[in-house]
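K.L.:
The following block contains a protein sequence and its predicted model.
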Amino acid sequence: MKAALWTGTAIAAALLAQSALSHVLPQQARVFDPFLIVLVYCGLLGGETHGMLAGAAAGWVQDVHFGGPVVGLSGLSKVLVGFGVGLAGSRFLLTGALPRLLVLVTATVADAVLFESFANVFEIPISAASVRALALEAALNAGIGAALFELVDRRVRREARA
């Protein structure tokens with residue numbers, strides 16, 4: 001129950017961050033994906049089920065507020081990414097900063113590829129991201145996500161000691 005509450009709070013914070021970014025820099029709003037960071041953290045800590053459920057919730061919120069003509073496309077891609085991250089997190093030791101950076105980069109690329117593939121399957125016109133834009137998004141997600149993961153982990157460790 002506690003994990004669901006924190007996941008919901010993190011998704012609400014991601015919605016707030018994405019909304020603020022969309023109002024401040026509307027053209028560059030897709031350069032950073034806070035919803036992906038939430039589902040990666042949930043997948044790494046809670047395994048494939050938690051990652052998958054966080055991905056579904058985050059993707060649906062993202063689709064409802066920022067999506068295109070079909071609701072559920074981001075949700076579908078984020079479910080698969082969350083499951084994959086959770087599966088990898090439960091099988092491999094991904095607790096250091098470098099492994100988490102690599103997971104965030106991989107998750108960003110996988111999310112973009114899956115989203116574009118699903119859009120093609122359902123014949124939804126989208127503008128495909130260039131390699132440069134995808135690399136920038138992956139770098140931003142990895143940098144910001146790794147810093148946030150470290151901050152949250154420090155706070156959790158400090159509360160555990162108290």
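P.N.:
That came through fine. Residues are numbered from 1 along each chain as shown.
K.L.:
so the residue nearest the centre of the chain is in which element?
P.N.:
By C-alpha atoms, centre = their mean, the chain has its centre lying nearest to L36, at 0.6 Å. Using DSSP states H and E, L36 maps to helix 34-66.
K.L.:
Determine how far that helix lies from the middle of the whole chain.
P.N.:
Mean C-alpha position of helix 34-66 versus that of the full chain (C-alpha atoms, centre = their mean, to the nearest Å) differs by 6 Å.
K.L.:
List the buried residues for it?
P.N.:
The neighbour-count check on helix 34-66 (16 or more other C-beta atoms under 10 Å) flags 34-48, 50-63 as buried. Quick note: C-beta positions are derived from backbone N, CA and C, even for glycine.
K.L.:
next one: stretch 89-99
P.N.:
Within stretch 89-99, the residues scored as buried using 16+ other C-beta under 10 Å are 89, 94, 99.
K.L.:
So the second one is in contact with L101, correct?
P.N.:
What that stands for is L94. No: taking contacts as C-beta atoms under 8 Å, L94 lies outside contact range of L101: 10.2 Å.
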